[in-house]
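In: got a predicted model here, sequence first, then my questions.
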Number of protein chains: 2
Amino acid sequence: MSNPVLVEVTRGNLVESRHRGAVAVVDHDGATVLALGDVAAPVFPRSAVKALQALVLVESGGAERYGLGDEELALACASHGGEPAHVAGAERMLRAAGLDVAALACGAHWPLHQASAQALARAGGTATALHNNCSGKHAGFLCAACAMAAPTTGYVEAQHPVQREVKAVLEDLSGSAIPDERRAIDGCSVPTWALPLAALARAFARLGTGQGLGPQRAAAAQRLRAACAAKPWFVAGTGRFCTDIMGHFGARAFVKTGAEGVFCGALPELGYGIAVKCDDGQGRAAEAITAALIARLLPLDGGDKEFLARFVRPVVRNWKGTAIGGIRPAEALAMS
Amino acid sequence: MSNPVLVEVTRGNLVESRHRGAVAVVDHDGATVLALGDVAAPVFPRSAVKALQALVLVESGGAERYGLGDEELALACASHGGEPAHVAGAERMLRAAGLDVAALACGAHWPLHQASAQALARAGGTATALHNNCSGKHAGFLCAACAMAAPTTGYVEAQHPVQREVKAVLEDLSGSAIPDERRAIDGCSVPTWALPLAALARAFARLGTGQGLGPQRAAAAQRLRAACAAKPWFVAGTGRFCTDIMGHFGARAFVKTGAEGVFCGALPELGYGIAVKCDDGQGRAAEAITAALIARLLPLDGGDKEFLARFVRPVVRNWKGTAIGGIRPAEALAMS
């Protein structure tokens, strides 16, 4: 079975590239609201489940113990651009737990935010693990490990108490047991567990509403949603999709990107969870699909519609700034 | 009709992402050697046809008049990384024709080569049109315009004599008339003309052999092939697929990347031209497909096979350097 074409990229009069994929939208009971393509095949959610992973930070007592506020909790859910305030926030989290950059096992890379990478080079600096887009999540794992009185070394290993608890959280929220053979290693060295899109969407419906969760877990979910809605810049950064969408919709829409074309999200007022996978792994398509789903599902006023249009049908420009084409929902998505 | 899955990207035990696409391999008469997927649909070749565009530079007398050697001719065919010697070469071409960076209409962007971008920032510099990966091609267009006594302003417009001649060259080598509605604007602001993959492959069979071309055009093709084989670093740069492949195979394999998942190439000893389009536009898949085609078609010794293996089945590593998955030909490509 092949997944439908969901997004087309045009240039001049022609479609230049096509993106296939699958979409699951479900409510907190797992009832299907919308299913396109294969929603039963296991998908590595990658960074799209950082908010689920961060539940362990709150539930362990680490967030309270180390005085983490909205900025730090948003960073724990973030794939950030490595802008200076992102780096400072991750460092603050580590310091609160008596740690520093040496404790991070995510590996170093240059800031994803180009101007920040250039500024770092201009200042004679170099990339560290704090610039890694996952440094906030890792700082959160380390705070959780300390709060659990678990060792900080080895915190990325599948057998470490933090990662075991992450797996239990994923299984609880998704309502889906995860066999060990569906574990792989993420870009930042932690385990990533493959789940069907339908199960991921269900997990985000529960994250968004708290329904179906125990009271402590529901409160932790609410705390993380509120932090991301209050400080969306810390979830991604300047000019980034997740930050722009949550900056506009606030608590009405939670969205989070993952590598290889994944998006997860929640629309709490509807009780819906969303999971998207673009077959080929391209983020531009996953973003356009996610924007199209919000445009379709969420009650919008004129300002909301105008805001969303540039994400649902982005104009593509060349280096001179000339509009040369665009990205648009394909028939299977537009008609769904 | 959907194109077959040609490349799979694995993580742990699972296929994480899939790339569909089409492949045409033809000889200089246009006879099919291999066809996978839809080879009749028009495809924007983007930068993959820079060597065809550069024929105009040689045929106009511009290459000789301005004393362009192998490095400059390779740069005219290049999507370079903006490394210092790339920038210096493009500047040299402009200076030879009495021009400077102000004549370039390609737009500015930071060097694609990350270390060069960082070094530029560290030195307090900023991106110019010379760093644009297409600056060598544009410098070549400007040299051609000067040699043709055509205006240098407007050299990127479809009605300019240089671009009209580029279109005539594309039609001659591909054996395929191009309707005006198949023109769009490339990332660097020049026209890009959509052609079926089969026609693109035929053009590269002719570029690779000279057969089917007039004597002047065949000599120009030979001159450009020799320049790229002699100076492959100037066609792309450090750590780049085109440079590595041509650096190993020399004149036995010409390969050139284009944006949105296109690759064109020639295997002159076999008389074959190759054209590849990955449906979703991802370069990683187009590279793996191109490497797999070379591995399948070209007579190889043990050293060649060992060299090619890391391009046909690249290992994917995370930020810590841990091998977490790989890229591999899917059944439709491996079996073809």
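Out: Done, it's in. Residues are numbered from 1 along each chain as shown, chains lettered A, B, ... in the order given.

In: give me every residue in the stretch 201-336 of chain A lying close to chain B.
Out: Remark: the part of the stretch 201-336 of chain A in contact with chain B comprises A:260-261, A:278-282, A:285, A:318-322, A:324-325, using Cβ under 8 Å from any Cβ of the partner chain. Every residue, glycine included, has its C-beta placed from N, CA and C.

In: which among those residues count as buried?
Out: A:260-261, A:278-282, A:285, A:318-320, A:324-325 (16 or more other Cβ atoms under 10 Å in any protein chain shown).

In: dump the residues you listed into CSV; add distance to A:Ser116 and pLDDT as well.
Out: As requested, those are exported to CSV (distance: Cβ to Cβ, whole Å; pLDDT from 0 to 100):
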residue, distance to A:Ser116, pLDDT
A:Glu260, 24, 98
A:Gly261, 24, 98
A:Cys278, 27, 98
A:Asp279, 31, 98
A:Asp280, 28, 98
A:Gly281, 25, 98
A:Gln282, 23, 98
A:Ala285, 26, 98
A:Asn318, 24, 94
A:Trp319, 21, 92
A:Lys320, 25, 92
A:Ile324, 28, 96
A:Gly325, 29, 97
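
In: farthest-apart pair in these, please.
Out: A:Asp279 and A:Lys320 (32.0 Å; Cβ to Cβ).

In: nearest to chain B, of the residues of the stretch 201-336 of chain A next to chain B?
Out: Closest to chain B out of these is A:Trp319 (2.9 Å), distances taken as Cβ to the nearest Cβ.

In: tell me which element the closest one is part of?
Out: Secondary structure assigned from DSSP states H and E places A:Trp319 in neither a helix nor a strand.

In: the residues of the stretch 201-336 of chain A next to chain B: which two are farthest apart?
Out: The largest distance within these, taken as Cβ to Cβ, falls between A:Asp279 and A:Lys320 and amounts to 32.0 Å.

In: for chain B, give me its nearest residue in the stretch 151-300 of chain A.
Out: Going by Cβ to the nearest Cβ, chain B is nearest to A:Ala184 of the stretch 151-300 of chain A, at 2.8 Å.

In: that residue against B:Gly326, yeah?
Out: No: A:Ala184 lies out of contact with B:Gly326 (Cβ atoms under 8 Å); the separation is 11.6 Å.

In: quick one: which of the two has more around it?
Out: A:Ala184 (19 against 15; other Cβ atoms under 10 Å in any protein chain shown).

In: got phi/psi on that one?
Out: Note on A:Ala184: its backbone torsions stand at phi -130, psi -180 [degrees, to the nearest 10].

In: cool, and A:Pro314?
Out: According to degrees, to the nearest 10, A:Pro314 has phi -60, psi 140.

In: buried stuff in the lowest-mean-pLDDT helix or strand in chain A?
Out: When the helices and strands of chain A are scored by mean pLDDT, DSSP states H and E, helix A:331-334 comes last with a mean of 91. For helix A:331-334, the neighbour count (16+ other Cβ under 10 Å) marks A:332-333 as buried.

In: how far off centre is that helix?
Out: 24 Å (Cα atoms, centre = their mean, to the nearest Å).

In: what's that helix packed up against?
Out: Helices and strands touching helix A:331-334, as assessed by 3 or more Cβ pairs under 8 Å, 6 or more residues apart in numbering or on different chains; DSSP states H and E, comprise strand A:5-11, helix A:283-297.

In: nearest to B:Glu64, out of those?
Out: The nearest among these, by Cβ to Cβ, is strand A:5-11 at 34.9 Å.

In: using CSV, write down the CA coordinates of that closest one.
Out: Extracted in CSV, the C-alpha atoms of strand A:5-11 (Å, rounded to 0.1, in the frame of the first residue of the first chain):
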residue,chain,number,x,y,z
VAL,A,5,0.5,12.4,-2.1
LEU,A,6,-0.3,15.0,0.5
VAL,A,7,1.8,18.0,-0.5
GLU,A,8,2.9,19.3,-3.9
VAL,A,9,5.8,21.7,-4.5
THR,A,10,5.3,23.8,-7.6
ARG,A,11,7.7,25.8,-9.8
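
In: buried set for that strand?
Out: In terms of neighbour count (16+ other Cβ under 10 Å), strand A:5-11 has its buried residues at A:5-11.

In: for B:Ala309, see how far away the residue lying closest to the residue of the stretch 151-300 of chain A closest to chain B once chain neighbours are set aside is.
Out: Distances taken as Cβ to Cβ, 6 or more residues apart in numbering or on different chains put B:Gly12 closest to A:Ala184, at 2.8 Å, once the chain neighbours are dropped. Noted for B:Gly12: a distance of 21 Å to B:Ala309, by Cβ to Cβ, to the nearest Å.

In: output the buried ones among the residues of the stretch 201-336 of chain A next to chain B as CSV; include the columns distance to A:Lys305.
Out: Formatted as CSV, these follow (distance: Cβ to Cβ, whole Å):
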residue, distance to A:Lys305
A:Glu260, 30
A:Gly261, 25
A:Cys278, 24
A:Asp279, 29
A:Asp280, 29
A:Gly281, 29
A:Gln282, 25
A:Ala285, 21
A:Asn318, 27
A:Trp319, 30
A:Lys320, 30
A:Ile324, 25
A:Gly325, 22
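
In: show the pLDDT at A:His28.
Out: Per-residue confidence (pLDDT) for A:His28: 86.

In: contacting residues around it?
Out: A:202, A:205-206, A:208-209, A:211-212, A:271, A:273 (Cβ atoms under 8 Å, 6 or more residues apart in numbering or on different chains).

In: buried only: go through those residues for me.
Out: A:202, A:205-206, A:208-209, A:212, A:271, A:273.

In: tally up the residues packed near A:Ile245, please.
Out: Neighbours around A:Ile245, by other Cβ under 10 Å: 25.
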